[in-house]
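*Asks:* for reference, the sequence and a predicted model appear below.
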Amino acid sequence: MRNGVAGVGATTAEQLVVSGMKLTPCNSTMLQARDAILQADANINGGANRCAIFAAFAHRLMGAGASSATDNSTTTIVTSRAVPPERGGGVDVTRDFTSTDVPKSIPDNNDFGISSVINVPAGLPDTVKVTVDINITHSNRGDLVIHVISPPFEVAHTRRSRACPIVSQV
């Protein structure tokens with residue numbers, strides 16, 4: 001909201017951010033801050049700017065399907081570009097996709113590791129949330145770093161390791 005929100009003036013956006021901060025709990029997640037700004041708009045303007053605000057957050061991957069368990073979590077963050085139904089978004093639909101190249105052996109002392117691809121058809125209009133289930137058997141699970149990479153090269157990290165750097169783009 002730093003550069004304003006389409007349809008919401010800079011003064012109004014600033015007022016909503018400040019008012020939202022007053023509604024935000026200590027050690028809040030970004031999503032709790034988002035919700036507090038939306039609540040401030042409901043309190044001050046009767047929710048008149050809800051659609052524009054939600055569209056701005058969805059553009060920044062904090063849409064309707066986004067989630068974060070705690071303020072310091074890096075392993076359970078789910079990003080989303082979805083907007084709520086009243087803003088033109090759809091309802092949740094569950095689809096399952098499976099990797100066809102498993103099982104695989106995890107090599108020791110190999111910085112490049114292994115990769116497995118799950119192909120999801122492009123253009124699915126109702127994708128709100130992606131959940132990845134991984135079944136790994138390895139004697140030193142702390143050695144593992146898992147990256148989930150979407151087609152535009154957005155990376156979700158499921159674990160950080162001191163031994164392996166975090167890759168921001170592939």
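*Replies:* Here it is on my side, so go on. Numbering: from 1, shown residues only.

*Asks:* ok, now which ones touch V117?
*Replies:* With Cβ atoms under 8 Å, 6 or more residues apart in numbering as the criterion, the residues that contact V117 are 99, 101. All C-beta atoms are positioned from the backbone trio N, CA, C, and that covers glycine.

*Asks:* can you pull the pLDDT of it?
*Replies:* We note a pLDDT of 78 for V117 in this prediction.

*Asks:* for I114, same thing?
*Replies:* For I114, the model assigns a pLDDT of 83.

*Asks:* leaving out chain neighbours, which residue sits closest to it?
*Replies:* Once its chain neighbours are removed from consideration, I114 has its nearest residue in K104; the separation is 5.1 Å (Cβ to Cβ, 6 or more residues apart in numbering).

*Asks:* state the distance from the one you found to T12.
*Replies:* Relative to T12, K104 is positioned 53 Å away (Cβ to Cβ, to the nearest Å).

*Asks:* the more surrounded of the two?
*Replies:* It is T12, of K104 and T12, that has more neighbours when counted by other Cβ atoms under 10 Å, with 19 against 12.

*Asks:* okay but that one is in contact with N49, surely?
*Replies:* Yes: between T12 and N49 there is a contact at 6.9 Å, judged by Cβ atoms under 8 Å.

*Asks:* mind listing the helices for this protein?
*Replies:* Residue ranges of the helices in the chain, as given by DSSP state H, are 10-23, 30-45, 50-59.

*Asks:* among these, show me which one is buried the most.
*Replies:* Compared across the helices of the chain, helix 50-59 shows the largest average neighbour count, a mean of 20 (mean count of other Cβ atoms under 10 Å).
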